[in-house]
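Novice: what follows is a predicted structure for the sequence shown.
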Protein chains: 2
Amino acid sequence: MHRPWLELALIHYPVLNRQGETIGSAITNLDLHDLARTARTFGVRRYWLVTPFVEQQQIAREIVSHWREGYGAESNPDRGEALGLIRVCACLEDAVSTINREPGTGQVTVVATCAREGVGQETLSFAVMRDQLKQGRPFLLLFGTGWGLAPEILAAADAVLPPIRGADAYNHLPVRAAAAIMLDRLMGDWRECPAR
Amino acid sequence: MHRPWLELALIHYPVLNRQGETIGSAITNLDLHDLARTARTFGVRRYWLVTPFVEQQQIAREIVSHWREGYGAESNPDRGEALGLIRVCACLEDAVSTINREPGTGQVTVVATCAREGVGQETLSFAVMRDQLKQGRPFLLLFGTGWGLAPEILAAADAVLPPIRGADAYNHLPVRAAAAIMLDRLMGDWRECPAR
């Protein structure tokens, strides 16, 4: 069995706001830490922080540097290990082309996530993606900030995972929770999980 | 099939610090919002915020009130709906005795969570607990802040769930991510999930 090749990207532009307009969102310290710790737990190779805003890129690098090299590295090395997965980039294409230049990966499959059903892309089930990860196929999994990924990002993806469904129509899971659930479904230890 | 009776408690005292000493932790706005949204998504009945510190209880009630009755209720009603699950209480016993006074629940089963294996309590598998939830048995699921639940809380629980295991020994999942994964395993929609 291969070690699965899964990378994650958190998109800050282009994403939607509550009115469905395309915006750029601000990075948050919280998303850096929580998603990095979850990504590190499940063996994700890199966590791409995607924002075209140079000042935002700089803030992200400063936060990472504090935990990798600054006082944080000494006080909490586990945190630095997680944040070490973060790569700051300006756009999705930069992440994809960097992954595709890695020796031996071939073309990465870009999979979007969305809280809504039927966004037009081919739906990939968790079971199929999990199997393909085990077979060594490289994947980049996209998460949106704000009110979700803009249509042009969904259109650029090769496939989309189904939304996480809860008890009823309430559909406002934090991106941090959705990412944790999806990584568990794709990469988690299933010995303890219920049968379907 | 019954609507499952699951309640959740986030314990701020007694919990451990990094040195393994028993402390009281501060409530965080983040844990209130993220856990409430995840709990609401998966049909959790109440989210108990357990802290003996009166000032901390007051802050928690003010945050909830902002989103239930204040400006937040108007600007983002979905958030208010999630935070409406929050009940502030001083100690675990208060939550347990309130649940046990509900008509028709019987005695609630208290289940702890822990990032470490072998904490001495009987281990309940996710599959068994999921089945018992479907059969209508009431459960209260405990999460710790800081470096986890203190031994006296673990000892007071009827059982413990297995820790979430990742790719290797790295074991620093945020409580928000662990709770999301566990609620998905216990209450999520399994049609999309991989077979074991």
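Specialist: Received, thanks.

Novice: so in chain A, which helix runs the longest?
Specialist: Of all segments of type helix in chain A, defined using DSSP state H, the longest is helix A:54-68.

Novice: in it, what's buried?
Specialist: A:Q56, A:Q57, A:I59, A:A60, A:I63, A:V64, A:W67, A:R68 (16 or more other C-beta atoms under 10 Å in any protein chain shown). Yep, even glycine has a C-beta here, placed from its N, CA and C like the rest.

Novice: determine the set of other helices and strands touching it.
Specialist: Applying 3 or more C-beta pairs under 8 Å, 6 or more residues apart in numbering or on different chains; DSSP states H and E, one finds that helix A:54-68 contacts helix A:29-41, helix A:71-75, helix A:77-83, strand A:86-89.

Novice: looking at these, which is nearest to B:E81?
Specialist: Proximity to B:E81 (C-beta to C-beta) singles out helix A:29-41 among these, at 21.5 Å.

Novice: and the helices and strands packed on helix A:54-68: which comes nearest A:R130?
Specialist: Judged by C-beta to C-beta, the one of these that comes nearest to A:R130 is helix A:29-41, at 16.3 Å.

Novice: how about stretch A:142-152: buried residues?
Specialist: Residues of stretch A:142-152 classed as buried under the neighbour-count rule (16+ other C-beta under 10 Å) are A:L142, A:F143, A:G144, A:T145, A:G146, A:W147, A:G148, A:L149, A:A150.

Novice: quickly note the distance from the fifth one to B:W67.
Specialist: A:G146 sits 19 Å away from B:W67, going by C-beta to C-beta, to the nearest Å.

Novice: hmm, back to that, deepest-packed of the helices and strands packed on helix A:54-68, please.
Specialist: Mean neighbour count (mean count of other C-beta atoms under 10 Å in any protein chain shown) peaks for helix A:29-41 among the helices and strands packed on helix A:54-68, with a mean of 23.

Novice: for A:Q58, see how far away A:Y47 is.
Specialist: When C-beta to C-beta is applied, the distance between A:Y47 and A:Q58 equals 18 Å.

Novice: what about the nearest residue to A:I11 once chain neighbours are set aside, distance to A:A90?
Specialist: Closest residue in space to A:I11, ignoring its immediate chain neighbours: A:V50 at 4.9 Å, by C-beta to C-beta, 6 or more residues apart in numbering or on different chains. Spatial separation of A:V50 from A:A90 under the definition C-beta to C-beta is 7 Å.

Novice: which of those two has more neighbours?
Specialist: Between A:V50 and A:A90, counted using other C-beta atoms under 10 Å in any protein chain shown, the more crowded position is A:V50 (27 against 14).

Novice: beta partners of the more buried one?
Specialist: A:I11, A:C89 (DSSP bridges).

Novice: ok, now A:L140?
Specialist: According to DSSP bridges, A:E7, A:V110 are recorded as the beta-bridge partners of A:L140.

Novice: quick check: it touching A:S97?
Specialist: No: counting by C-beta atoms under 8 Å, A:L140 sits too far from A:S97 to count as a contact (11.1 Å).

Novice: tell me which of those two has more neighbours.
Specialist: For A:L140 and A:S97, the more surrounded residue by other C-beta under 10 Å is A:L140, and the numbers stand at 24 against 12.

Novice: who's in contact with the more buried one?
Specialist: In this structure, A:L140 makes contact with A:E7, A:L8, A:A9, A:W48, A:A95, A:V96, A:I99, A:V108, A:T109, A:V110, A:V111, judged by C-beta atoms under 8 Å, 6 or more residues apart in numbering or on different chains.

Novice: and if we set it to 10 Å?
Specialist: With contacts defined as C-beta atoms under 10 Å, 6 or more residues apart in numbering or on different chains, A:L140 is in contact with A:5-9, A:45-46, A:48, A:92, A:95-96, A:99-100, A:108-112, A:157-158.

Novice: give me the contact status of the helix-or-strand element of chain A with minimal mean pLDDT with chain B.
Specialist: Comparing every helix and strand of chain A by mean pLDDT, DSSP states H and E singles out helix A:71-75 as the least confident one, with a mean of 86. Yes: remark: helix A:71-75 sits within contact range of chain B at A:S75, by C-beta under 10 Å from any C-beta of the partner chain.

Novice: show me what that helix is packed against.
Specialist: Using 3 or more C-beta pairs under 10 Å, 6 or more residues apart in numbering or on different chains; DSSP states H and E as the contact test, the elements touching helix A:71-75 are helix A:54-68, helix A:77-83.

Novice: what's the mean pLDDT across the longest one?
Specialist: This points to helix A:54-68. On average, the pLDDT along helix A:54-68 is 96.
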